[in-house]
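In: next come a sequence and a model predicted from it.
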Amino acid sequence: MRVLVCGASGQDGAYLSQFLLKKGYEVIGTSRDALGGSSHNLRTLGINKDIKLASMAVSDFRSVFSTIKRFNPDEIYNLTGQTSVNLSFDQPVESIDSITIGTLNLLEVIRLFNPKIRFYNAGSSECFGSAKKGSSFNERSGFYPKSPYGVAKSAAAMLVQNYRESYAIYACTGILFNHESPLRPDRFVTKKIVNAAYRISQGSKEKLELGNIDICRDWGWAPEYVEAMWKMLQMKKPSDYVIATGRSESLRYFATQVFKHFGLDLKKYLKINPEFFRPSEILYSCGDASKANKDLKWKAKTDIDGIIKNLCLAVKN
């Protein structure tokens with residue numbers, strides 16, 4: 001089996017590539033610039049020499065067509081595109097271009113070149129917007145995104161559904177809630193908190209600057225979530241799935257527990273910076289993965305407390 005992992009150098013792409021290699025797949029990983037781009041995550045996992053790298057710009061139809069024609073994969077995982085909610089407010093066109101148009105290009109090439117290719121699209125809990133505290137989102141929940149990133153992901157998910165129904169293509173979207181790992185870029189708030197707490201524990205006099213710490217998220221463990229992606233493409237019929245832990249905690253809780261791990265009191269080092277507040281924010285988000293539990297036989301094993309422990313141990317090494 002040959003697979004194309006679009007965005008192989010990112011957190012999810014690297015873990016998915018590692019997972020697929022263990023399954024015996026031939027893995028081709030794409031990025032905008034395979035020669036000049038960063039392969040840090042692939043090297044960290046020790047798989048940089050085990051996958052074939054190729055340059056592909058998903059927003060360029062010709063680039064997508066030539067790459068898929070060259071490798072003719074059995075499966076394609078679309079994990080590429082702009083990944084930052086914050087950045088999407090500053091670069092909304094880039095968000096739409098890389099996420100929505102990129103997904104459309106991949107679907108069109110599959111339709112025109114080889115409709116038998118199975119396609120996975122990385123969705124996001126950002127599509128749903130905010131929920132009432134104590135409630136959760138599932139596959140039947142309506143989309144009400146609060147950011148250009150969420151809008152782009154919502155449109156991409158709708159395109160996947162449209163192509164699946166219109167052209168009988170095996171295409172599905174995994175609506176993944178927040179998921180973390182040591183491979184997260186430093187710009188993500190979870191990594192920012194862990195890194196700051198570690199530096200302070202080592203003598204740094206800095207303050208941790210955050211925005212709204214009362215937002216609540218459903219945090220999962222990325223290496224577990226990539227298994228769910230693969231399972232979606234092994235089903236007899238394609239369908240979309242919510243992937244989540246079912247537990248939502250505040251950013252305040254996350255930061256407090258991280259600092260406790262290092263023997264620190266968050267209150268002594270926290271500074272709320274209004275500049276970090278977003279123009280529009282999801283206040284509470286939680287996922288219901290009952291459908292994935294039943295159909296895919298998948299269930300999250302690591303909750304937020306386990307994630308915090310894993311991240312804090314990783315930063316020490």
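Out: Structure's in. What do you need? Numbers count the residues shown, from 1 in each chain.

In: where along the stretch 51-200 of the chain do the strands fall?
Out: 52-55, 75-78, 118-122, 171-176, 179-180 (DSSP state E, counting those that start in this stretch).

In: what residues are up against the residue nearest to K23 when sequence neighbours are not counted?
Out: Leaving aside its sequence neighbours, K23 sits nearest to W230 (C-beta to C-beta, 6 or more residues apart in numbering; 7.3 Å). Any C-beta I mention is one placed from the backbone N, CA and C, and that applies to glycine too. Contacts for W230 (C-beta atoms under 8 Å, 6 or more residues apart in numbering) come out as 16, 19-20, 23.

In: what does A314 give?
Out: P182.

In: tell me the buried residues in stretch 39-51?
Out: Buried positions in stretch 39-51, judged by neighbour count with 16 or more other C-beta atoms under 10 Å: 39, 41-42, 45, 47-48, 51.

In: now, the most widely separated pair of the residues you listed?
Out: By the measure C-beta to C-beta, N41 and I51 form the most distant pair in these, at 11.5 Å.

In: how about the helices in the stretch 101-250 of the chain?
Out: 102-113, 148-167, 189-201, 222-232 (DSSP state H, counting those that start in this stretch).

In: make TSV from those helices and add distance to Y284 to it.
Out: As requested, the helices of the stretch 101-250 of the chain are exported to TSV (distance: least, C-beta to C-beta, whole Å):
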stretch	distance to Y284
helix 102-113	27
helix 148-167	15
helix 189-201	16
helix 222-232	21
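
In: ok, back up a step: can I get the strands of the stretch 51-200 of the chain in CSV including mean neighbour count and mean pLDDT?
Out: Listed next are those as CSV, based on neighbours: other C-beta atoms under 10 Å; pLDDT from 0 to 100:
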stretch, mean neighbour count, mean pLDDT
strand 52-55, 16, 94
strand 75-78, 26, 98
strand 118-122, 25, 98
strand 171-176, 27, 98
strand 179-180, 26, 97
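
In: low pLDDT regions in this protein?
Out: Counting by pLDDT under 70, the chain contains low-confidence residues at 36-37.

In: swap in 90 and give it another go.
Out: 31-39, 81-90, 185-187, 278-280, 316-317 (pLDDT under 90).

In: domain map for it?
Out: Split into domains by automatic domain parsing, the chain comes to 2-180+221-247+286-302, 189-216+248-284+305-316.

In: end to end, how far does stretch 134-141 reach?
Out: 15 Å (C-alpha to C-alpha, to the nearest Å).

In: wait, I meant stretch 281-295
Out: Span of stretch 281-295 from end to end, C-alpha to C-alpha: 32 Å.

In: other residues contacting that stretch?
Out: Stretch 281-295 is contacted by residues 125-126, 128-133, 135-139, 146, 175, 177-178, 212, 214-218, 228, 231, 235, 239, 241-248, 298-300 when judged by C-beta under 8 Å, 6+ apart.

In: do stretch 127-147 as well
Out: 85, 88-89, 125-126, 150-151, 153-154, 157, 175, 216, 218, 239-242, 244, 246, 248, 278, 280-288, 290-291.

In: so how do I select the buried members of the residues you listed in PyMOL?
Out: To isolate the buried ones among the contacts of stretch 127-147 in PyMOL, judged by 16+ other C-beta under 10 Å, type:
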select buried, resi 85+88+125+126+150+151+153+154+157+175+216+218+239+240+241+242+244+246+248+282+284+285+286+287+288+291
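
In: neighbour-wise, which of the contacts of W230 leads?
Out: For the contacts of W230, the largest number of neighbours (other C-beta atoms under 10 Å) sits with L16, at 28 neighbours.

In: wait, doesn't that one sit right on K231?
Out: No. Using C-beta atoms under 8 Å, L16 makes no contact with K231, being 11.8 Å away.
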